[in-house]
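Trainee: structure of the sequence below:
(2 chains)
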Amino acid sequence: MATSTTQHVLSSIKLLPTGCFHPDKRNSCVLSNSVGRRCPSARNLGLVCASNTKSSVIEPVQLPGSPKSGVTPKKSGESTLILIRHGESLWNEKNLFTGCVDVPLTPKGVDEAIEAGKRICNIPVDVIYTSSLIRAQMTAMLAMMQHRRKKVPIIVHNESEQAHKWSQIYSEETKKQSTPVITAWQLNERMYGELQGLNKQETADRFGKEQVHEWRRSYNIPPPNGESLEMCAERAVAYFKDQIMPKLVAGKHVMIAAHGNSLRSIIMHLDKLTSQEVISLELSTGIPMLYIFKEGKFIRRGSPAGPSEAGVYAYTKNLAQYRQKLDGMVQ
Amino acid sequence: MAGVISHHALASSQSHWCPAKNSRFEKRTGSVRLVYVKGSCGSSSRKLGLVWASSSQSSVMEPMHLPSDGNSGHTPKKSSESALILIRHGESLWNEKNLFTGCVDVPLTPKGVEEAIEAGKRICNIPIDVIYTSSLIRAQMTAMLAMMQHRRKKIPVIMHNESEQAHRWSQIYSEETRKQSIPVITAWQLNERMYGELQGLNKQETADRFGKEQVHEWRRSYDIPPPNGESLEMCAERAVAYFKDQIVPQLVAGKHVMVAAHGNSLRSIIMHLDKLTSQEVISLELSTGIPMLYIFKEGKFIRRGSPVGPSEASVYAYTRTLAKYRQKLDSMVQ
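Mentor: Down below sits the predicted model:
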């Protein structure tokens, strides 16, 4: 376990590079010294430096006996947004175009989900959004197994009246200890049409190498009967704006477990990327991306340090306090 | 990896079976006995099997498809037999907290994940053509984690039919790939028994609210439902109806089926397969993470107990067909 000293922190405000950053004008100047360490044990030796932006005091942790039902919205509240791209699937391994075919994770993909969970185990999560595909849902569940707050993720069912009725919880106490998980096809991977199930060689043979390259790398040219990245972005961002934004505005902390293209689409919207920029954006699998939503703006915070990484990580004061509360909780 | 000596095997061919409590051993038509050494799944140990013919006719089935085979699946044959595997999911996050779960969609604990993986190792040599699971993630994850251990290496793919778009969007455009896939069909009819107003309550809270005897009655009776919930009878009605409508035709067609589901939906199915009375079924407990194997043959279900775990050295009675499938797996280039 390594520690950093204050002056080191102050002089080197650094975000963990993930190789996919678009250097944005950042509003950040709130930092805390958070030491990367394994989640379950040690005390937080964190050091918080007040920023020059006002942060309100949010009570991100609900103690078990608390009458509050969740994080209540406050003026100039801030909320966190975590994006996680699922790891290796069984078709990735076989080099097949997957799209919306519902294939599960490999053991490696399972590990990636667990590792991702360790990186976000100290960040508050009030609601989870995922696609309708099992690889993203499993990623969310496996990641949340690592979370220190120990709330139970529960998938919400609304596909029919009966499904809704049958999934009701009858204890207030239990509901408070639950994190709702909402599944949405709009967060699915880009639908790859007639390429789904083909391997990359088969596809090049059938359609020609340049054509395949064009489908994969263009913004608005869809494969036969499939979606272009533009089409994927349209339904993913629309869903984000309709369903997820209101939660963030209300002060809820959100996690989205989804796919390469649906997440790129959302990042394109958050970071205001051009279509040129988005097609070269690669989101690492299993490495969560953190944004802070504050005063209507999204501030990218990079990727939370893994448990064995000792580094400087810029949190907000609220997140540092949340971390402290987790440390102080009786486990 | 332990070896088993053949004469030992011959003498004690039934000792390893894991019968469920109060289960009945039906008169078996099978006297096909297969004795072989169980190596650990995924290892390259050779099979030292010994097979002798049974007195009942077993047809020769080709349970395995080599990758470039022209067949698109198992073709039905007369007097064919198929395997039926039942797996109950392991520990969920609410089991751990001692809360009534029912149809609330809570995931597995790390222990539940382990149980699924262990269950998978036990069935890694048994052919599977189609998988049925409930609409709850703990059963679906169990199916996926179990299949990760399967030696045939086909890929489970969940079918989506909740809408026209969902169906269209999930289409696979390669014959080759489809042949290497195992369809996974999700069905609410295989869900856990719906526990109504008890869902989310802990056992103490419930006893306080309703009284201990009342709670015991709901949990242990056959036909008394908790408030706004299902009785075991109601659960059995929709689970067995689904089984008869959707799953039995697959077995009749010679397909090997795995069902990954829940305590009550599986008990309901076992009640049907073993023709148990309501008295018998309410005391039937199905172990979590321990798969139950049935052979479907000539319209009858023959219980075959639980396949041994990879570290258990013992005799396991398979049918000749399953033994051949195992042989093919052993000889496949991995």
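
Trainee: next, count neighbours for the nearest residue to residue A:97 once chain neighbours are set aside.
Mentor: Nearest non-adjacent residue to residue A:97, counting by Cβ to Cβ, 6 or more residues apart in numbering or on different chains: residue A:195, 4.3 Å away. From N, CA and C alone the C-beta is placed, and that goes for glycine too. Neighbourhood size, residue A:195 [other Cβ atoms under 10 Å in any protein chain shown]: 26.

Trainee: give the contact list for residue A:195.
Mentor: With contacts defined as Cβ atoms under 8 Å, 6 or more residues apart in numbering or on different chains, the neighbours of residue A:195 are A:97, A:99, A:203, A:212, A:215, A:223-224, A:226, B:173.

Trainee: from these, which ones fall inside helices?
Mentor: Among the contacts of residue A:195, DSSP state H puts A:203, A:212, A:215 in helices.

Trainee: how about the first one, what does it touch?
Mentor: Contacts here follow Cβ under 8 Å, 6+ apart; on that basis residue A:203 touches A:97, A:195, A:212.

Trainee: okay, the last one: pLDDT?
Mentor: Okay, so that is residue A:212. Per-residue pLDDT puts residue A:212 at 91.

Trainee: okay, now it: neighbour count?
Mentor: 19.

Trainee: same thing with the first one?
Mentor: Using other Cβ under 10 Å as the criterion, residue A:97 is surrounded by 26 other residues.

Trainee: again with residue A:278
Mentor: 20.

Trainee: pLDDT value on the residue lying closest to residue A:237 once chain neighbours are set aside, please?
Mentor: Spatial nearest neighbour of residue A:237, excluding adjacent residues (Cβ to Cβ, 6+ apart): residue A:269 at 4.7 Å. On the pLDDT scale, residue A:269 is placed at 96.

Trainee: so what's residue A:269 up against?
Mentor: Taking Cβ under 8 Å, 6+ apart, one finds A:233, A:237, A:240-241 in contact with residue A:269.

Trainee: and what of residue A:155?
Mentor: Counting by Cβ under 8 Å, 6+ apart, the residues that residue A:155 touches are A:137, A:181, A:183, B:105, B:107, B:136-137.

Trainee: bridging residues for it?
Mentor: residue A:181, residue B:105 (DSSP bridges).

Trainee: low pLDDT regions in chain A?
Mentor: Across chain A, the ranges flagged by pLDDT under 70 are A:1-76, A:305-315, A:330-331.

Trainee: how about 50 then?
Mentor: By pLDDT under 50, the weakly predicted segments of chain A are A:1-73, A:310-314.

Trainee: so which residue is smack in the middle of it?
Mentor: For chain A, the residue sitting closest to the mean C-alpha position, by Cα atoms, centre = their mean, is residue A:83 at 1.7 Å.

Trainee: now do the contacts for that one.
Mentor: With contacts taken as Cβ under 8 Å, 6+ apart, residue A:83 has the following neighbours: A:255-256, A:258, A:263, A:266-267, A:283, A:288-291.

Trainee: ok, and the most crowded of these?
Mentor: Note: the member of these with the most neighbours is residue A:258, at 29 neighbours, neighbours being other Cβ under 10 Å.

Trainee: wait, doesn't it sit right on residue A:136?
Mentor: Yes. Assessed by Cβ atoms under 8 Å, residue A:258 is found in contact with residue A:136 at 5.4 Å.

Trainee: now for these two: what residues contact both?
Mentor: For the pair residue A:258 and residue A:136, residues contacting each of them under the criterion Cβ under 8 Å, 6+ apart are A:86, A:130, A:187.

Trainee: ok, and the most crowded of those?
Mentor: With neighbours defined as other Cβ under 10 Å, the most crowded of the shared contacts of residue A:258 and residue A:136 is residue A:86; it has 32 neighbours.
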